[in-house]
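Visitor: The sequence and its predicted three-dimensional model are supplied below.
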Amino acid sequence: MENSNNLNLTKTGSIPCKGNLILENRTKLSLTGIKKVKSTEPTRIVVFLENCVLTITGNNLTVQNLNIQNGVLDITGLINSIIYSNKTNRKFSFKNIFK
């Protein structure tokens, strides 16, 4: 295997992530289970699924199809990595400390 053509697929944390992904030749990615798209840039796309965050990195990344109601997202471009992680956007509240 050539290092420049490796695809990194990483899952961190222990909470299961609900959704499916299909990667075709590192140039087309189809996702289901999408709840929200946080950002889209040519080198990085960040989306929220039910219990996790999915970060896709690559080159010339473009959203081809997005349907939040059906939870579907299609991306084209050269995909270098797909990283799953737990949601990190939890808000801190002092109210929970004093209960």
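Guide: Looks like it came in fine.

Visitor: From now on I want contacts and neighbour counts done on CA atoms only, so please keep to that.
Guide: Fine.

Visitor: Contact partners for the residue nearest to E41 when sequence neighbours are not counted?
Guide: Of all residues not flanking E41 in the chain, L61 sits nearest, at 7.0 Å (CA to CA, 6 or more residues apart in numbering). Under the criterion of CA atoms under 8 Å, 6 or more residues apart in numbering, the neighbours of L61 are E41, P42, T43, R44, I45, I75, T76, G77, L78, I79.

Visitor: how about the helix or strand L61 falls within: buried residues?
Guide: Element membership for L61 (DSSP states H and E) is strand 52-67. Going by neighbour count (16 or more other CA atoms under 10 Å), the buried part of strand 52-67 is C52, V53, L54, T55, I56, T57, G58, L61, T62, L66.

Visitor: what do you get for stretch 72-86?
Guide: 72-82, 84-86.

Visitor: where do the strands sit along the protein?
Guide: Ranges of strands in the chain, per DSSP state E, are 8-11, 20-24, 28-32, 36-41, 44-48, 52-67, 72-86.

Visitor: need these in CSV with mean pLDDT, can you?
Guide: Below are these laid out as CSV (pLDDT from 0 to 100):
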stretch, mean pLDDT
strand 8-11, 47
strand 20-24, 91
strand 28-32, 94
strand 36-41, 94
strand 44-48, 95
strand 52-67, 94
strand 72-86, 92
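
Visitor: What distance do you get for the nearest residue to N86 once chain neighbours are set aside to N80?
Guide: Nearest non-adjacent residue to N86, counting by CA to CA, 6+ apart: C52, 4.5 Å away. Distance of C52 to N80, computed by CA to CA, to the nearest Å: 20 Å.

Visitor: I56 reaches P42, doesn't it?
Guide: No. I56 lies out of contact with P42 (CA atoms under 8 Å); the separation is 10.3 Å.

Visitor: For my notes, please list the contacts of L61 in CSV and give distance to R26 for each entry.
Guide: Listed next are these as CSV, based on distance: CA to CA, whole Å:
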residue, distance to R26
E41, 17
P42, 15
T43, 14
R44, 14
I45, 15
I75, 10
T76, 9
G77, 8
L78, 6
I79, 5
